[in-house]
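Undergrad: Sequence plus the predicted model coming up.
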Amino acid sequence: MSALLQQAFRTAASELGMASAAWLFVREAAAVNGDDGVTALRDDMGRLWPVLDAVGAAWLSGARMPLAQADDVLPALAGVSRLVVIGMESLWLDALLAALPAATPVGLVQHGDPMTHWTRVADNYHGRMTLLQLADFQTWAGPRSVLMTFVYGQSHQQVYVLPSWLRVCGPDVRLQFRALLGWRILDVPLDIYPRWLVAAQADTLTDVRPAPC
Amino acid sequence: MLTPQWLFASLLVLALVLQALLPGYRLMIVMAGAALACAGAATLGIASVSAVFAGVPWNVLLILVALGLFTHRLAATQIFGLASVGLVRLARAQPVALLVLSAIGTYLVSSVVNNLTALMVLLPVLLTVFALSGVSQRYAAWTLGVLLVACNLGGAATPIGDFPAVLLLGRGTLSFDRYLADAMPVTLLCMALLLLIVVLAVRPARDVPVSVLGKRLTLVTLAQLYRGVRLDWGLLAPCLAALLGMVIGWLVLPAGWGVSPEMVAWFGAGLALLAKPREGEAVLKQAVDVESALFLLALFLMVAVVRETGFFASVAHRLVAAPLAYEGQVVIFLIAAAVLTGLFSAGPSMAALLEVADVLAVNREAAPVYIGLALAVCAGSSLFLTAATAGPLMQTLVERAGLKDLNGTRLGFGFREFVPVGLLGFTLILSLAIARTLWVIR
């Protein structure tokens, strides 16, 4: 079953995001087999999917919901004219788009798992989300544009982010956007090697919300 | 020395073989073949280029383009994606139920839209379910294979389902209601028998691992993947009205009024495009299936030249002159049609063999011969993965999905994997086509 579960999780993560898929899988495992099911899921897949491992650990510590509150980042997005998102996390993006003014354009850069069905991802937002490419996302730059990504953990002066972030966060990009915003979505430090993520310098982001404790 | 008959027939066969062997150059090959055929016919005094062009069923091309545009608008309403998700929920991710309901859904969709679109809208959902729930190679091959056969059957069930039927409608060979009344029951019977044999005898789901957690994850994840997708009622309502209008038009409008089937299709597509004018204009500029239209145009031109040489009439007369009862001649014709379709695909086979069917049907009740031909072509389309355009597309989509089985081995759906399904579908459909035709002409 392990190989099939790995494939299922990868499919879910490619379009929902690793953390969103992790919460879904952990909830279902708990619904079927309780905390033992979550522990088994961590044992089976935690090494390959550290985000799933972290979410499972959070569940076993008593957390039952992700920190998907748009209020965490809305202050940093006040007055934004365009928002460009690097990476996909459906739980967080759904909450954010529901809170943002409907007139604020939101672009999602198509980069990540080659198996992602990007049309289906965009269809969930019925016209609210524009799909962008790595080659042209900078056309959305401007003095009131914000570039945002998801932060999966912090350690010393580093943040754990998606590899796509390293493709876009150069010094030239920094000057083109009002802010390079990190939305911290996991509140449990990653205990094992952050596979599928990269460790970037914290100063590639101008702001991380919510701020670490 | 080659006679003109064999020269241009050989050119047609050569073009078809080359385009099958070199699919990356198929358009250039058939267009070159058509150009050579037209030039050769004019040079050898067989027929002028204008006469050859006059023999092209332009109305059929118009119907195909119009229905293609209509299908594009209908797909944009999200109805097919949401229906597919609903289908998976109805099956509760159970492998057998999923196979049966997917096949029935494919049959119904492909009876209205072209086969490629039917698969393009259903496969992403099905392949996602395969990825989420985990399947065996055997189950994947049989399910996908049955879907391909169901697609062909649905396409043969109605006069607008696929090219061979559209050709009959466009030529005025059969009326809309006559074709529907004659073809649909047979295709339904084929579908039912195919599913019975696969579910009860082949049993491809027996080695698919099923767990409570697996089923829950499949259903919940699929719901999340489509969490925000909504039906576009503003587009769907006009599309459904257009479809209803087209069906009524094909069924009811008297031929004497001069509103031919292609005009009905044109107006129906126009209504669907006008529902959202800006999008409709963009669709007209970007979504016309130029590749299919050019391929069929080239095909029609080569077939027209071969017809002008008298080749088809010669073949037909030899068949009619054979020392066989009429029923035997028809059986040979249907078997040959099915085998040729398996080798050369439905478009070329139907276009060429209709010429032979015309002779076979002289002084006889014509409808059984034409329906038999449409069903035989359907059988041939189901024989090999390469016999229908949808087959290689399905193979490509499965490869891109990168699915793996329980042991981590990559799942494949190629020529070899399709063979058992294809042989079953071919045998079943052709047998019923022959039985039905003999029953009617007896």
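TA: Everything's here; your move.

Undergrad: For chain A, which helix or strand comes out least confident on mean pLDDT?
TA: None of the helices or strands of chain A scores lower by mean pLDDT, DSSP states H and E than strand A:153-155, at a mean of 82.

Undergrad: Can you name every helix or strand that that one contacts?
TA: Applying 3 or more Cβ pairs under 8 Å, 6 or more residues apart in numbering or on different chains; DSSP states H and E, we find strand A:153-155 packed against strand A:158-161. For glycine as for every other residue, the C-beta is placed from the backbone atoms N, C-alpha and C.

Undergrad: and the strand it packs on, which strands flank it?
TA: According to DSSP bridges, strand A:158-161 forms sheet pairs with strand A:153-155 (antiparallel), strand A:198-201 (antiparallel).

Undergrad: in the first one, what's buried?
TA: I take that to be strand A:153-155. The neighbour-count check on strand A:153-155 (16 or more other Cβ atoms under 10 Å in any protein chain shown) flags A:Gly153, A:Gln154 as buried.

Undergrad: Which helix or which strand is home to A:Gln7?
TA: Taking DSSP states H and E as the criterion, A:Gln7 maps to helix A:2-16.

Undergrad: which outside residues touch that helix?
TA: A:20-22, A:24-25, A:41, A:44-45, A:48-49, A:52, A:88-91, A:112-113, A:115-117, A:120-121, B:128, B:131-134, B:209, B:214, B:217-218, B:221, B:224-225, B:403-408 (Cβ atoms under 8 Å, 6 or more residues apart in numbering or on different chains).

Undergrad: how about the strands of chain A, start to end?
TA: Secondary structure of chain A by DSSP state E: the strands cover A:82-86, A:106-109, A:129-132, A:142-151, A:153-155, A:158-161, A:177-184, A:198-201, A:207-209.

Undergrad: residues from the stretch 1-150 of chain B in reach of chain A?
TA: Listed as neighbours of chain A in the stretch 1-150 of chain B under the rule Cβ under 8 Å from any Cβ of the partner chain: B:Gln78, B:Gly81, B:Pro124, B:Thr128, B:Ala131, B:Leu132, B:Ser133, B:Gly134.

Undergrad: and these, which of them are in helices?
TA: Under the assignment DSSP state H, those contribute B:Gly81, B:Pro124, B:Thr128, B:Ala131, B:Leu132, B:Ser133 to helices.

Undergrad: Would you mind giving the domain segments of chain A?
TA: Taking automatic domain parsing as the reference, chain A has its domains at A:2-60, A:70-209.

Undergrad: Give me the distance from the shortest one to the chain's centre.
TA: Spelled out, it's domain A:2-60. When C-alpha coordinates are averaged (Cα atoms, centre = their mean, to the nearest Å), domain A:2-60 and its chain have centres 16 Å apart.

Undergrad: That one - what's its average pLDDT?
TA: Per-residue pLDDT values over domain A:2-60 give a mean of 93.

Undergrad: Using CSV, write out the CA atom coordinates for stretch B:149-168.
TA: Taking Å, rounded to 0.1, in the frame of the first residue of the first chain, the C-alpha atoms of stretch B:149-168 are listed here in CSV:
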residue,chain,number,x,y,z
VAL,B,149,-14.4,0.9,-27.4
ALA,B,150,-17.3,2.7,-25.6
CYS,B,151,-16.1,5.9,-27.3
ASN,B,152,-16.3,4.3,-30.7
LEU,B,153,-19.7,2.8,-30.0
GLY,B,154,-21.1,6.1,-28.7
GLY,B,155,-19.7,7.8,-31.9
ALA,B,156,-21.6,5.2,-34.0
ALA,B,157,-24.8,5.5,-32.0
THR,B,158,-25.9,8.9,-33.4
PRO,B,159,-25.6,10.7,-36.7
ILE,B,160,-23.4,13.4,-35.0
GLY,B,161,-21.2,11.2,-32.8
ASP,B,162,-18.3,10.6,-35.1
PHE,B,163,-17.1,11.2,-38.7
PRO,B,164,-18.5,8.1,-40.4
ALA,B,165,-22.0,8.9,-39.1
VAL,B,166,-21.7,12.6,-40.0
LEU,B,167,-20.6,11.6,-43.5
LEU,B,168,-23.9,9.6,-43.9
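
Undergrad: Backbone dihedrals for the residue of the stretch 1-150 of chain B found nearest chain A, please?
TA: Residue of the stretch 1-150 of chain B nearest chain A, by Cβ to the nearest Cβ: B:Gly134 (3.1 Å). According to degrees, to the nearest 10, the main-chain angles of B:Gly134 amount to phi 80, psi 130.

Undergrad: And for B:Ser345?
TA: The phi and psi values for B:Ser345, taken as degrees, to the nearest 10, are phi 80, psi 170.

Undergrad: Assess the claim that it and B:Phe384 are in contact.
TA: No: here B:Ser345 does not reach B:Phe384: they are 9.3 Å apart, not a contact under Cβ atoms under 8 Å.

Undergrad: So which of the two has more stuff around it?
TA: A direct count of neighbours by other Cβ atoms under 10 Å in any protein chain shown for B:Ser345 and B:Phe384 places B:Ser345 higher, at 24 against 19.

Undergrad: In a helix, B:Leu324, correct?
TA: No: counting by DSSP: H, G, I helix; E, B strand; the rest coil, B:Leu324 is not found in a helix; it is coil.

Undergrad: need the contact list for it.
TA: B:Leu324 makes contact with B:Ile332 under the criterion Cβ under 8 Å, 6+ apart.
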